[in-house]
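# Prediction below, plus the sequence it came from.
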Amino acid sequence: RHRPLEELALAALVVDDDHRRDWALRSLPHFVSQLRAAVDATRTTTGTTTTLTKRRSLAERRAIADAEWGVVRLQPSGVEMPVLGLGTCWLDDAATERAVTAAIEFLEDHPKHPGVHVDSAEAYRNEAAIGRAIGAARGGQQQRGGVKGLFLASKLSDETQLSYEGAIRRVEDTLRNFGGVDAVDLYSLHSPFGFRQSTEARRRLREAWAGLVECERRGQIRALGLSNFDEADLLAFAEDPLLGKRRMPDALQNKFDPYRRGAQVPSNKDDDPARAAKRYEIMLVGYSTLSGWPFGFGALEDPVVRQVADRYHVTPATLLLRWVVASGHAAVPRSSSPDRVKHNLQVLDDLPHLPPAARDVLDGIAFLAAPTADKPSTTLHGAFDSFRVFDDDDHHREEATAREETTAREETTAREETT
């Protein structure tokens with residue numbers, strides 16, 4: 001039963017790295033005791049039959065099952081959203097057109113594919129480029145409507161648009177920029193805009209949200225979302241009578257990779273947006289899964305990720321995106337390369353099933369990563385020590401040992417000189 005986990009553990013252990021090996025050996029007893037405690041906590045015994053209690057809620061298991069098919073049903077709108085897509089953050093017009101065209105070509109070559117989530121925002125300034133790619137695919141700008149299989153998303157980014165009328169204007173601009181499509185599939189607020197810090201900011205966010213809700217009522221938006229909200233923001237939004245109590249969001253688009261699962265800043269241990277999203281049954285859409293942006297280490301270069309990917313004969317990108325889907329989330333990896341865009345979209349074909357052992361290893365990376373981004377004592381030659389080989393205790397022990405050795409050498413030298 002444990003053979004796959006054993007193989008992955010061996011693959012993940014870089015045996016020619018003395019520090020990493022020593023760390024693993026020191027950590028093994030603690031890991032075993034923690035694992036035993038976790039199993040004991042979930043174990044239920046009835047008579048002579050012992051079973052393990054399922055820890056996932058029914059809603060979460062349904063979301064993961066849906067994701068495995070390539071789509072998720074957003075709540076409360078009921079809209080189906082592809083779990084894999086294309087991020088276009090900061091891509092210029094030419095790169096955006098190439099990337100979206102590649103996504104459309106992929107759909108043409110794979111007619112049974114569940115679809116492609118194309119993400120944009122007012123701040124990216126490339127909505128019109130997406131519209132041109134859509135227009136070229138449908139045979140000319142004079143035709144209306146989108147491209148079958150494309151799930152179009154955008155966001156309100158400009159703080160000056162935070163009003164009822166401003167939000168409606170912004171949605172109408174997006175509809176025109178996308179080439180005259182009938183509706184935007186998902187529209188989000190790009191930021192909390194500091195609504196917890198002042199009464200005025202909260203009032204403006206409430207007005208903008210009311211404008212987006214009105215656009216949904218008109219049929220111009222199919223689903224609503226938020227982006228870059230931390231846990232406290234999301235909780236405050238949900239409890240506000242004119243925000244979450246008026247209409248809960250369907251999706252939360254946040255940073256998501258093995259080190260930061262919903263939080264942009266890794267040093268804030270108490271911030272867990274994914275936990276809050278799960279509580280309210282909001283679908284988490286991860287961006288920058290394949291890159292370190294912002295403020296971090298790129299998971300594509302993580303030796304654990306690379307070793308596990310080699311074990312299953314897939315690329316690190318495929319493994320990481322498959323892990324996101326297996327966790328019940330969606331992902332919109334950014335790329336300007338047509339080949340990589342298409343590669344990212346066929347993850348479920350390249351790796352139809354992610355073994356539980358592989359997921360356990362990727363889940364565990366967060367516990368190996370350095371807990372803060374601003375602790376120079378946990379770095380080696382200035383590099384980010386993602387495996388905590390040199391944690392605080394080790395660092396202090398090494399300093400103490402070095403001081404003792406220096407003192408011993410000085411005392412020996414002094415004795416020799418005296419003699």
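That came through, no problem. If you're wondering where the values come from, they're calculated on a predicted model, not measured in any experiment. Numbering: from 1, shown residues only.
# Below-threshold pLDDT in the stretch 151-300 of the chain: ranges please.
Filtered on pLDDT under 70, the stretch 151-300 of the chain yields the residue ranges 265-269.
# mind running it again at 80?
Applying pLDDT under 80 to the stretch 151-300 of the chain flags the ranges 263-270, 294-297.
# Please enumerate the helices of it.
Remark: helices assigned in the stretch 151-300 of the chain by DSSP state H, counting those that start in this stretch are 164-177, 199-218, 231-239, 273-279.
# Can you add mean neighbour count and give those back as CSV?
Where C-beta positions appear, they are placed from N, C-alpha and C, glycine not excepted. What follows is the helices of the stretch 151-300 of the chain, written out as CSV (neighbours: other C-beta atoms under 10 Å):
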stretch, mean neighbour count
helix 164-177, 18
helix 199-218, 18
helix 231-239, 19
helix 273-279, 20
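# and of these, who's closest to Cys89?
Proximity to Cys89 (C-beta to C-beta) singles out helix 164-177 among the helices of the stretch 151-300 of the chain, at 15.9 Å.
# which stretch among the helices of the stretch 151-300 of the chain comes nearest Val79?
helix 199-218 (10.3 Å).
# the inter-axis angle of that closest one versus helix 164-177?
If you take axes from the mean of the first three to the mean of the last three C-alpha atoms, to 10 degrees, helix 199-218 sits at 50 degrees to helix 164-177.
# returning to that earlier point: would TSV of the helices of the stretch 151-300 of the chain with distance to Leu368 be doable?
Formatted as TSV, the helices of the stretch 151-300 of the chain follow (distance: least, C-beta to C-beta, whole Å):
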stretch	distance to Leu368
helix 164-177	41
helix 199-218	38
helix 231-239	23
helix 273-279	18
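# Partner strands of the helix or strand harbouring Val72, with direction?
Val72 belongs to strand 71-73 when assigned by DSSP states H and E. With DSSP bridges as the test, strand 71-73 is paired with strand 80-82 (antiparallel).
# Helix or strand next in line after the partner strand, which one?
Next along the chain after strand 80-82, taking DSSP H and E as the criterion, comes strand 85-87.
# Return the set of buried residues in the helix or strand following that following strand.
Remark: after strand 85-87, the chain's next helix or strand is helix 93-109, criterion DSSP H and E. Of all the residues in helix 93-109, those buried under the rule 16 or more other C-beta atoms under 10 Å are 95-104, 106-107.
# all strands of the stretch 301-419 of the chain, in order?
Assigned strands in the stretch 301-419 of the chain, in chain order: 330-331, 379-380, 383-384 (criterion: DSSP state E, counting those that start in this stretch).
# Kindly report the same for the stretch 1-150 of the chain.
For the stretch 1-150 of the chain, the strands defined by DSSP E, counting those that start in this stretch cover 43-46, 49-52, 71-73, 80-82, 85-87, 116-119, 150-156.
# can I get the ones you listed in JSON lines with distance to Arg306?
Formatted as JSON lines, those follow (distance: least, C-beta to C-beta, whole Å):
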{"stretch": "strand 43-46", "distance to Arg306": "35"}
{"stretch": "strand 49-52", "distance to Arg306": "31"}
{"stretch": "strand 71-73", "distance to Arg306": "29"}
{"stretch": "strand 80-82", "distance to Arg306": "27"}
{"stretch": "strand 85-87", "distance to Arg306": "22"}
{"stretch": "strand 116-119", "distance to Arg306": "27"}
{"stretch": "strand 150-156", "distance to Arg306": "31"}
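# Between these, which one is closest to Thr289.
Among those, the nearest to Thr289 by C-beta to C-beta is strand 85-87 (9.3 Å).
# What are the contacting residues of that closest one?
99-100, 103, 116-119, 151, 287-288, 330-335, 341, 344-345 (C-beta atoms under 8 Å, 6 or more residues apart in numbering).
# would TSV of the strands of the stretch 1-150 of the chain with distance to Val314 and mean neighbour count be doable?
Shown next, in TSV, are these (distance: least, C-beta to C-beta, whole Å; neighbours: other C-beta atoms under 10 Å):
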stretch	distance to Val314	mean neighbour count
strand 43-46	34	9
strand 49-52	29	9
strand 71-73	22	20
strand 80-82	20	22
strand 85-87	19	27
strand 116-119	20	26
strand 150-156	25	26
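# between those, which gets the lowest average pLDDT?
Least confident of the strands of the stretch 1-150 of the chain, judged by mean pLDDT, is strand 49-52 with a mean of 31.
# tell me the pLDDT at Arg409?
The model reports Arg409 with a pLDDT of 67.
# Likewise for Leu345?
On the pLDDT scale, Leu345 is placed at 97.
# wait, what's in contact with it?
Leu345 sits next to 84-86, 103, 106, 113, 116 when contact means C-beta under 8 Å, 6+ apart.
# and if you look at Lys245?
Per C-beta under 8 Å, 6+ apart, neighbours of Lys245: 238-239.
# one step back: for Arg279, find the nearest of the strands of the stretch 1-150 of the chain.
The closest of those to Arg279 is strand 71-73. By C-beta to C-beta, the value is 17.1 Å.
# residue ranges with poor pLDDT in the stretch 1-150 of the chain?
Under the criterion pLDDT under 80, the flagged ranges of the stretch 1-150 of the chain are 1-69, 138-146.
# If we use 90, what do you get?
1-69, 90, 138-147 (pLDDT under 90).
# who's in contact with the closest residue to Asn344 other than its chain neighbours?
Take Asn344 and drop its neighbours on the chain: the residue closest to it by C-beta to C-beta, 6 or more residues apart in numbering is Pro333, 5.0 Å away. Applying C-beta under 8 Å, 6+ apart to Pro333 gives the contacts 85-87, 287, 289-290, 317, 321, 344.
# Good, we can wrap up now.
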